[in-house]
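# One predicted model, sequence on top.
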Amino acid sequence: MATTKIASPPRIPCHHCPLRQRESFRDFDNGELDFVASFKTSDLMAEPGARS
């Protein structure tokens, strides 16, 4: 029986998150960013205009 592998979305390291460029987020120094990144368990990908 053949199985289909579903590709998972790419993982984006917190240091490279495009949301960090937004004005509504303050800059973290590397120590703070490493601390926050340690809580990350997964990524959420959403299409533009998606609603939960």
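Noted; the coordinates are in hand. Keep in mind the model is a prediction, meaning the values are calculated, not measured.
# Determine the three-state secondary structure at Asp34.
helix (DSSP: H, G, I helix; E, B strand; the rest coil).
# And it, what's its pLDDT?
Looking at Asp34, its pLDDT reads 91.
# Next: the one 4 residues further on.
Each residue has a pLDDT score; the one for Ser38 is 90.
# for this structure, which spans come out with low pLDDT?
Counting by pLDDT under 70, the chain shows low-confidence ranges at 1-10, 52.
# Which secondary structure state does the spatially most central residue of it sit in?
Residue closest to the average C-alpha location in the chain (CA atoms, centre = their mean): Asp43, at 4.4 Å. Here Asp43 is recorded as coil under three-state DSSP.
# how many other residues sit next to Ala46?
Per other CB atoms under 10 Å, the neighbour tally for Ala46 reads 8. In this view, the C-beta of every residue, glycine as well, is placed from N, C-alpha and C.
# can you pull the contacts of it?
Applying CB atoms under 8 Å, 6 or more residues apart in numbering to Ala46 gives no contacts.
# now it, what's its secondary structure?
coil.
# just the helices in this structure please.
Applying DSSP state H to the chain gives helices spanning 30-37.
# In contact with Phe28, which residues?
Contacts for Phe28 were tallied using CB under 8 Å, 6+ apart; they are 20, 36.
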